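Peer 1: Attaching a predicted model along with its sequence, questions to come.
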Amino acid sequence: MISASVGYQCPECVRGGSGTGHRPDANRPRTLAGGAVTADPWLITKVLLGVNIAVFLAILAVGRPLTDELLLFGRAATGPYGPVEGVAEGQWYRLLTSAFAHQEFWHIGMNMLALWVLGPQIEGALGRARFIALYLLSALGGSVLAYVLADPQQASLGASGAIYGLFGAMAVLVKRLKYDMRPIFILLALNLFFTFAPWSGFSISWEAHVGGLVAGAVIAWAMVYAPRERRALVQYGACGAVLALELVACVVRTMTLTG
């Protein structure tokens with residue numbers, strides 16, 4: 001692979017951009033995953049940081065009523081401000097809004113630090129569209145697994161599913177570029193250790209972490225290992241398959257809870 005000022009380019013992509021191709025976009029450099037190289041490879045990362053921080057500030061200003069509207073509930077429950085309906089009652093939007101909501105400073109601090117460190121590298125390697133697809137599908141994967149496996153009246157929120165999706169994607173990228181994977185494994189091991197440690201004192205949804213990690217790794221693998229001649233088919237197919245699996249899991253869980 002050839003390192004570029006804005007992400008990574010495969011040798012074939014560099015040769016294709018040297019003027020020898022015949023397509024209209026032959027002179028346009030591409031990322032490792034085939035996305036367009038942009039002048040600002042941090043743009044989507046900065047937007048995601050801004051959205052998460054803005055939602056956090058709104059929660060601080062408004063308080064519990066806004067939190068109850070955004071967090072993930074499997075089934076209807078009674079909160080301090082009255083009954084709160086869940087995903088099973090048709091509020092599917094909670095699967096995504098909960099991934100942008102945080103209550104504690106330490107929670108958003110840890111997640112945004114990880115996004116700041118991992119986001120630009122992955123966005124530069126994949127391109128903007130592929131990066132946002134990976135982030136959102138990882139967030140959704142975390143929420144879906146929490147909805148399927150956790151207590152339906154156990155509320156959860158936070159970007160941890162999406163962040164663990166970035167961890168999974170980074171592990172795939174490091175392997176693809178044949179870099180030393182030990183730092184990634186060490187960082188993942190530490191995060192998983194504190195996630196599962198019963199004495200940590202934090203109420204952490206391990207389901208969201210695992211769901212996001214698996215979704216992110218699968219999507220990243222499809223994006224960077226897809227054969228160039230079938231790249232779009234493999235990448236779109238992988239994203240579509242992950243989304244379909246997430247939707248089916250939600251439907252089945254909803255039928256189980258309401259049947």
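Peer 2: In hand now; what should we look at?

Peer 1: Now do the biggest helix by length in the chain: distance to the chain's middle.
Peer 2: Taking DSSP state H as the criterion, the chain has its longest helix at helix 231-258. Computed by CA atoms, centre = their mean, to the nearest Å, the chain-centroid distance of helix 231-258 equals 15 Å.

Peer 1: What's the mean pLDDT across that helix?
Peer 2: Average pLDDT, helix 231-258: 96.

Peer 1: Also stretch 168-186?
Peer 2: Computed over stretch 168-186, the mean pLDDT rounds to 85.

Peer 1: thinking again about what came up before, in the longest helix of the chain, what's buried?
Peer 2: For helix 231-258, burial by neighbour count (16 or more other CB atoms under 10 Å) applies to 231, 234, 235, 238, 239, 242, 243, 246, 249, 250, 253, 254. In short, each C-beta sits where N, CA and C put it, glycine included.

Peer 1: could you dump the residues you listed to TSV with distance to residue 127?
Peer 2: Listed next are those as TSV, based on distance: CB to CB, whole Å:
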residue	distance to residue 127
231	12
234	15
235	10
238	15
239	13
242	18
243	19
246	22
249	28
250	28
253	33
254	34
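
Peer 1: dump the residue contacts of the residue nearest to residue 211 when sequence neighbours are not counted.
Peer 2: Distances taken as CB to CB, 6 or more residues apart in numbering place residue 145 nearest to residue 211, at 3.0 Å, with adjacent residues excluded. Contacts for residue 145 (CB atoms under 8 Å, 6 or more residues apart in numbering) come out as 161, 207, 208, 210, 211, 249.

Peer 1: what packs against the longest helix of the chain?
Peer 2: helix 128-149, helix 206-225 (3 or more CB pairs under 8 Å, 6 or more residues apart in numbering; DSSP states H and E).

Peer 1: send the alpha carbons of the shortest one over as PDB?
Peer 2: So the one you mean is helix 206-225. Written as PDB, here are the backbone C-alpha positions of helix 206-225 (Å, rounded to 0.1, in the frame of the first residue of the first chain):
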ATOM      1  CA  TRP A 206     -21.800  -5.400  26.800                       C
ATOM      2  CA  GLU A 207     -24.300  -6.400  24.100                       C
ATOM      3  CA  ALA A 208     -23.900  -3.000  22.500                       C
ATOM      4  CA  HIS A 209     -20.100  -3.200  22.500                       C
ATOM      5  CA  VAL A 210     -20.100  -6.700  21.000                       C
ATOM      6  CA  GLY A 211     -22.800  -5.900  18.400                       C
ATOM      7  CA  GLY A 212     -20.900  -2.800  17.200                       C
ATOM      8  CA  LEU A 213     -17.600  -4.600  17.200                       C
ATOM      9  CA  VAL A 214     -18.800  -7.500  15.000                       C
ATOM     10  CA  ALA A 215     -20.800  -5.200  12.600                       C
ATOM     11  CA  GLY A 216     -17.800  -2.800  12.200                       C
ATOM     12  CA  ALA A 217     -15.300  -5.600  11.500                       C
ATOM     13  CA  VAL A 218     -17.600  -7.300   9.000                       C
ATOM     14  CA  ILE A 219     -18.300  -4.100   7.000                       C
ATOM     15  CA  ALA A 220     -14.700  -3.000   7.100                       C
ATOM     16  CA  TRP A 221     -13.500  -6.400   5.800                       C
ATOM     17  CA  ALA A 222     -15.900  -6.200   2.900                       C
ATOM     18  CA  MET A 223     -14.800  -2.700   2.100                       C
ATOM     19  CA  VAL A 224     -11.000  -3.200   2.000                       C
ATOM     20  CA  TYR A 225     -10.800  -6.900   0.800                       C
END
